[in-house]
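K.L.:
Using only what follows, build the 3D model:
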Amino acid sequence: MQTLYVHLSGLDAAIVEVDEMPKPTDVIVVGRNPRRRDGKPLTFILDEVNTVIFPMHMVTFIEVMPTGEEEEIETFIRE
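P.N.:
Residues are numbered from 1 along each chain as shown. All right, here's what the predicted structure looks like:
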């Protein structure tokens, strides 16, 4: 499961969990457990909602949150 920070046009950004990353051809983003970055509920979503569907035309950009499973990137800088 991947955590995304979805920035929405005209609204607060939302953190959601997704089973797989959105593809370039997708027209929606489906996520679970929507919340603000500080863990508080979003003001524009009811408290009892646990799955959201955002239309891609409302998404400004998406940040992929680290999972701790990322591989180490080889750099060419001497340490």
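
K.L.:
what about the strands in the chain?
P.N.:
Secondary structure of the chain by DSSP state E: the strands cover 2-8, 14-18, 28-35, 51-55, 59-64.

K.L.:
mind checking which of the ones you listed is nearest Ile45?
P.N.:
Ile45 lies closest to strand 28-35 among those, at 5.5 Å (Cβ to Cβ). For every residue, glycine as well, the C-beta is placed using N, CA and C.

K.L.:
Need the contact partners of the closest one.
P.N.:
With Cβ atoms under 8 Å, 6 or more residues apart in numbering as the test, strand 28-35 has contacts from 4, 6, 14-18, 22, 41-42, 45, 49-56, 59, 62.

K.L.:
Now, of the residues you listed, which are buried?
P.N.:
Listed as buried from the contacts of strand 28-35 are 4, 6, 14-16, 18, 22, 42, 52, 54, 59, 62; burial here means 16 or more other Cβ atoms under 10 Å.

K.L.:
Just put these in TSV and tack on distance to Val29 and pLDDT.
P.N.:
Compiled in TSV, the buried ones among the contacts of strand 28-35 are given as follows (distance: Cβ to Cβ, whole Å; pLDDT from 0 to 100):
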residue	distance to Val29	pLDDT
Leu4	7	95
Val6	6	96
Ala14	10	95
Ile15	12	96
Val16	8	97
Val18	7	96
Pro22	5	94
Leu42	14	93
Val52	8	96
Phe54	5	96
Val59	6	96
Ile62	7	95
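
K.L.:
Show me the two of the residues you listed that sit farthest apart.
P.N.:
Pro22 and Leu42 (19.0 Å).
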